[in-house]
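# What follows is a predicted protein model with its sequence.
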Protein chains: 2
Amino acid sequence: MRTAICERFGVEFPLFAFSHCRDVVAAVTNAGGIGVLGAVAYSPQQLDAELNWIDARVGGRPYGVDVLVPGKIDASAADRSARLADFIPERHRDFVAYLFGKYGVSAPEPFTGTMPAHGDEMGRRVTAEGATGLIGVALKHPIALIASALGPPPPEMVDKARKAGVPVAALVGTVEHARRQVAAGADVIVAQGSEAGGHTGEISTMVLVPQVVDAVDVPVLAAGGIADGRQVAAALALGAEGVWCGSVWLTTEEAETVPPVKHKMLAATSADTVRSRSRTGKPARQLKSAWTEEWDGAQESPGPLQMPLQMLLAESAMARINRAAERGRPGAVELANYFVGQVVGQMNQVRPARQVVYGMIEEFAASVERLQRFTDDGHAPHP
Amino acid sequence: MRTAICERFGVEFPLFAFSHCRDVVAAVTNAGGIGVLGAVAYSPQQLDAELNWIDARVGGRPYGVDVLVPGKIDASAADRSARLADFIPERHRDFVAYLFGKYGVSAPEPFTGTMPAHGDEMGRRVTAEGATGLIGVALKHPIALIASALGPPPPEMVDKARKAGVPVAALVGTVEHARRQVAAGADVIVAQGSEAGGHTGEISTMVLVPQVVDAVDVPVLAAGGIADGRQVAAALALGAEGVWCGSVWLTTEEAETVPPVKHKMLAATSADTVRSRSRTGKPARQLKSAWTEEWDGAQESPGPLQMPLQMLLAESAMARINRAAERGRPGAVELANYFVGQVVGQMNQVRPARQVVYGMIEEFAASVERLQRFTDDGHAPHP
C-alpha cells in the first residue's frame, strides 16, 4: 500500500512496533513493518550491542530507536552529584517495605531501598543528559527513525538526527503538544490516545487523531487502542498515515515479559488497566494490581514521587516482586504488573510477532473491503 | 450505502442522532439519518406532544425515543411515597447554598433545596416505574427505535416493544454488558466509549467496538468520539454497522443549549471535559466547570449522592445557575456546564443540524476513498 509513511520508510505496511525486546523489533521489521527499540532499559554500551544484534538480522530493513526524554524537573535532579536513590524519602522506602511485608514478598533482609547499580543508571538515563548518550549511540547505527517518548525533542537531539539524516518522531497526547513538537523539529507525530499503555494523556485516539492531523503538516501516526487490522483501518480512516503499537507485542512468543505478568495480560479484560503514577511518577497506563491500588488508594500511601525517583523505587521493588512472582508467591503475583493499554482485552493468545503483523495486514484488507462493499453498491451516500 | 442498519431502518446513512431537542431530531431524520429524542426531561403528556410535533414534520421517516432506565437502587427510592427531594441530606443542600454564595449566584432567599415540581417528576421518571409511563407513550407513536440508556431494558419494555414491532437498542460500555443486554432482548447494541458525553464507562471506542462486534450477533452502533465523517468511517472500519452521536448536536442552530454553555462548548478543547458523578450520581462526562471541581475536589464537598437524588439536586441548582449565567453573572458562568464528550474540541462553529449530517456524509465518502487509494495501487498489502 501507499501512505506517506510507506513511501518515506520504504515499507508496504505503515506499522511501527515499539518494544524493549530486540527479537520483537527484528521480527516486525522482517515481517514488513518497522520495529522500534525502547532504549531506556539499556546503558549506551548495552544499546550498542542490541543494535549490532538487530543490524545483523534485518538485512538493512528499517527499524528505529525510542529514547525517553523527560522534562526539566528531572534534568535538575540529574545535575546533582549524589546518587539519585539518595533523594528517595524514608517514608517511600518504608511504604515499599510495608507492601513487601503485607504481600509476603519476603527478602533475606528488610527492604532498604538500596538500588541495584543499573537502577541508578536507569534513573539517570531518563534525564536530558542521560538520554544524550543513548542518542549518540543510536545514530551510529543505520536507524530509520529516532523517537522521543516524553516532551519535545531537545535541540541537540534534533540537530544530531538531522545531520545523520534520521527523521525524528515525537509522541503527543494533545493538539497543543503536537504543534509544539513540530515547532521543535519533529518530522513525524505519534498522536497517542488515553487508551494506550505507558505514559499517556486523557484524550482518546478517536478524538485526538483527526484534530492532530488537521493541526500539523507532518505525517501523523495513530497510537493507543490498536492491536488488530480493523483498528489500523480505523486509524487511517481518521487521517493517520500509519500506526504505532506497543502493547500487542507483550504477549508474543518473542516478548521477554515476566511469565506471571504475561499470564495476567492474557487473562485481563479491557477494564483491567489503570492510568497511575505509581510506576514512574508520571501518569502511565498499566495493569491494575495490588501495586497500583495500594499506591493510589491506601491510607498508608505517601503518594508517588516524581520521575525519575518513583521509577527508580518502583523498578527496584518490581525486580524483587517479579522474582517472587516467578517463584509462585501469591502476594507477589497480586503486586506484579506492567505497562499495557486497554487492548490487553484483545491479547488472549501467544503468537509469534510475525503472525501478529500478518494478521493485522489481512484484517486491514478485509476491513477496507468491507467499507468498499458498503459504498460500492450504487447507493453511495450523498447529501 | 448498505449496512445492516441502513437496510433495517431504510436509511442511506447509518447515523443515529441523540438529542433532547425535537428540532434536532426532526432535522437529522429529514437529512437522511435517524433522530432519537431523549425523553427523560419530559412528562408522559409532554413527550406525547413532542412526538406529535415530530410526527407532523418527518413524513414517516424513521426516528426513535431514548428513555433512561436505571438500576435497582433508584427503583427502591421510587417506591417510597414521600417526595424524592425529602431524601436529599441537609449537608448536600448546604453545600449547594455554599456554592451559590461563593460564586455569587444570588437568589431572593437562601437556597433551601426546594425542588421545582418538575424536578421531583424528573427524579421519578428515572426510576423503573417512571420510565414505564414514557415507554407507553412512545410506543403509541410510529417510532423506529426505542433505546434504554442505562442498564438492561426491563422485560416489560422489551415485551411492549416486541408487540409494537419496534426494535430495542441498549447502550453499553463493556463486552460483558453487551452480552447481558442481548440476553435481555436488545436488538441493537450501542457500544459507547469512555470519550462519550453523559453516562459512560472507562473503555475507549477504539478498543470497545471491535470486542463488542465479536461478542454479540446483533448490529452494533459505535458511540463516543464521533463528530465528523472520518470518525464515522473509523467506526465502520472497527466493525460497527452505524454510529450514535449526541454531543455534536449541542452546538447546532436548533439546539436549546443554554447560550453561555453553548459558548463554553464552542471555545472548549478536548481536554476540557471530565467524567464526574456531580450531575446525576453516576459517572457522566461533561464540561469541566467550577461545579465539577467543587463537588469532586473541594474539602467542603459532601460528595455526590446516588441517582436520582444527585440529579434532582443538580438539576434544580443548575436551573438557577443557568438563569444567573444568562444574566452574565461571572460566578454562575464558572459553575455552568452540561454533558458533552471529548469531541467538544471539534465543535467550533454553530451549524444547522442538517449541515452537520451532510458534512459527515461527505467526509465519510472522502475517508473511504482515501483508504481505497492507499490500497488500490497494485501494492495491496499481503503477508
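Thanks, I have it. Numbering: from 1, shown residues only, chains lettered A, B, ... in the order given.

# how about the helix or strand hosting residue A:100: buried residues?
Taking DSSP states H and E as the definition, residue A:100 sits inside helix A:90-102. Residues of helix A:90-102 classed as buried under the neighbour-count rule (16 or more other C-beta atoms under 10 Å in any protein chain shown) are A:92, A:93, A:95, A:96, A:97, A:98, A:99, A:100. (Glycine included, C-beta is placed from N, CA and C.)

# Closest one of those residues to residue A:85?
Set against residue A:85, the nearest of these by C-beta to C-beta is residue A:93 (9.5 Å).

# ok, that closest one touching residue A:313?
Yes. Residue A:93 lies in contact with residue A:313 (C-beta atoms under 8 Å); the separation is 7.4 Å.

# before we move on, the earlier item: of the buried residues of helix A:90-102, which is the nearest to residue B:162?
Closest to residue B:162, out of all of the buried residues of helix A:90-102 and judged by C-beta to C-beta, is residue A:99, at 53.9 Å.

# Quick check: nearest residue in space to the closest one, chain neighbours excluded?
Excluding its sequence neighbours, the residue lying closest to residue A:99 (C-beta to C-beta, 6 or more residues apart in numbering or on different chains) is residue A:294, at 5.8 Å.

# what's the one you found in contact with, if anything?
By C-beta atoms under 8 Å, 6 or more residues apart in numbering or on different chains, the contact set of residue A:294 is A:99, A:102, A:300, A:301.

# again with residue A:288
Neighbouring residues of residue A:288 by C-beta under 8 Å, 6+ apart: A:272, A:273, A:274, A:337.

# still on that earlier bit, and which of the buried residues of helix A:90-102 is nearest to residue B:244?
residue A:99 (43.4 Å).

# neighbours of the closest residue to residue A:103 other than its chain neighbours, just the number please.
Counting by C-beta to C-beta, 6+ apart, residue A:103 lies nearest to residue A:331, which is 3.2 Å off, once chain neighbours are set aside. If you count neighbours by other C-beta atoms under 10 Å in any protein chain shown, residue A:331 ends up with 19.

# Flag every buried residue along the helix or strand hosting residue A:331.
Residue A:331 is part of helix A:330-335 when elements are defined by DSSP H and E. Applying a neighbour-count criterion of 16+ other C-beta under 10 Å, one finds A:331, A:332, A:333, A:334, A:335 buried in helix A:330-335.

# Report the distance from that helix to the chain centre.
Centre-to-centre, helix A:330-335 and its host chain are 24 Å apart (C-alpha atoms, centre = their mean, to the nearest Å).

# can you list contacts of it?
Contacts for helix A:330-335 (C-beta under 8 Å, 6+ apart): A:99, A:102-105, A:260, A:264, A:289-291, A:321-325.

# how near is residue A:245 to residue A:373?
27 Å (C-beta to C-beta, to the nearest Å).

# more neighbours, those two?
Neighbours per residue, other C-beta under 10 Å: of residue A:245 and residue A:373, the larger number sits with residue A:245, 32 against 12.

# coming back round to it: now for the helix holding residue A:100, which elements pack on it?
Contacting helix A:90-102 under the criterion 3 or more C-beta pairs under 8 Å, 6 or more residues apart in numbering or on different chains; DSSP states H and E are the following elements: helix A:290-297, helix A:309-326.

# distance between the first one and the chain's centre?
Taking the mean of its C-alpha atoms, helix A:290-297 sits 21 Å from the chain's own mean (C-alpha atoms, centre = their mean).

# Next, the angle from it to helix A:90-102.
Orientation check (axes from the mean of the first three to the mean of the last three C-alpha atoms, to 10 degrees): helix A:290-297 against helix A:90-102 gives 140 degrees.

# which of the residues in helix A:290-297 are buried?
So, applying 16+ other C-beta under 10 Å, buried residues of helix A:290-297: A:290, A:291, A:292, A:293, A:294, A:295, A:296.

# same thing with the longest one?
Residues of helix A:309-326 classed as buried under the neighbour-count rule (16+ other C-beta under 10 Å) are A:309-318, A:320-322, A:324-325.

# any idea where the strands of chain A begin and end?
A:15-19, A:34-38, A:63-67, A:145-148, A:168-172, A:188-192, A:198-199, A:220-223, A:242-245, A:273-276, A:284-287 (DSSP state E).

# Distance to residue B:236 and mean pLDDT for those - can I get that in TSV?
As requested, these are exported to TSV (distance: least, C-beta to C-beta, whole Å; pLDDT from 0 to 100):
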stretch	distance to residue B:236	mean pLDDT
strand A:15-19	21	98
strand A:34-38	27	97
strand A:63-67	31	95
strand A:145-148	31	93
strand A:168-172	27	95
strand A:188-192	21	97
strand A:198-199	29	94
strand A:220-223	16	98
strand A:242-245	18	98
strand A:273-276	26	98
strand A:284-287	27	98
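
# Adding distance to residue B:136, write these out as TSV.
TSV is the format used below for those (distance: least, C-beta to C-beta, whole Å):
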stretch	distance to residue B:136
strand A:15-19	53
strand A:34-38	58
strand A:63-67	59
strand A:145-148	59
strand A:168-172	51
strand A:188-192	47
strand A:198-199	51
strand A:220-223	46
strand A:242-245	48
strand A:273-276	42
strand A:284-287	45
